[in-house]
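> here is the input, now give the coordinates:
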Amino acid sequence: MEDSFTGIVDVGSKPIIAREAVATGVLRLSSESLDIVKNGRSVKGDVREASTVAVIQAVKETPRVLPHCHPIPIEGCTVDWSVDDEFLRCTVSVRTHWTTGVEMEALCGVNAGLLCAWDMLKSVEKDADGQYPAAQIDEVRVLRKSKGDPHD
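Okay, the predicted model is just below:
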């Protein structure tokens, strides 16, 4: 049997409607790194501020990273950070009026934000052998997505 690849999915006949996706994920960190995030003491700058920029860039550039994603006019992106006793959580909401959803954009944003935070904290997270025993990205998922009325 021969494999068939269709290329990019045609969404041209779908209606333009309001769409939103919210995704989240966590970066598990040592207590020292979490203290640095809470108190804004990273040598590379404010972790949440820099990582928010990474989120926004990733949301806008998702089709360049994921070949089957369509370029989508992003109308809004909200980034929320929270610090727990064990992790840093990033939650991203992406909004558009378009023919296809924004779940991948929200997920790309979460991952880029968490990776940026890890990069900014890696000197603290490395152990004597250059490994990362505590740092781990986890629980990345879509919390919800919505499609509005075509007349929105």
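
> by contact count, what packs against the longest helix along the chain?
Ranked by number of residues, the top helix in the chain under DSSP state H is helix 103-125. Contacts defined by 3 or more Cβ pairs under 8 Å, 6 or more residues apart in numbering; DSSP states H and E place helix 103-125 against strand 17-28, helix 31-39, helix 47-65, strand 76-83, strand 87-98, strand 136-147. Placement of C-beta: from N, CA and C, glycine included.

> centre of the chain versus it, how much separation?
7 Å (Cα atoms, centre = their mean, to the nearest Å).

> roughly how far does the residue lying closest to residue 94 once chain neighbours are set aside sit from residue 86?
Leaving aside its chain neighbours, residue 94 sits nearest to residue 102 (4.2 Å; criterion: Cβ to Cβ, 6 or more residues apart in numbering). Residue 102 sits 29 Å away from residue 86, going by Cβ to Cβ, to the nearest Å.

> the two: which is more packed in?
Neighbours per residue (other Cβ atoms under 10 Å) separate residue 102 from residue 86, with residue 102 holding more: 29 against 12.

> test my guess that that one contacts residue 72.
Yes - with contact defined as Cβ atoms under 8 Å, residue 102 reaches residue 72; the gap is 6.1 Å.
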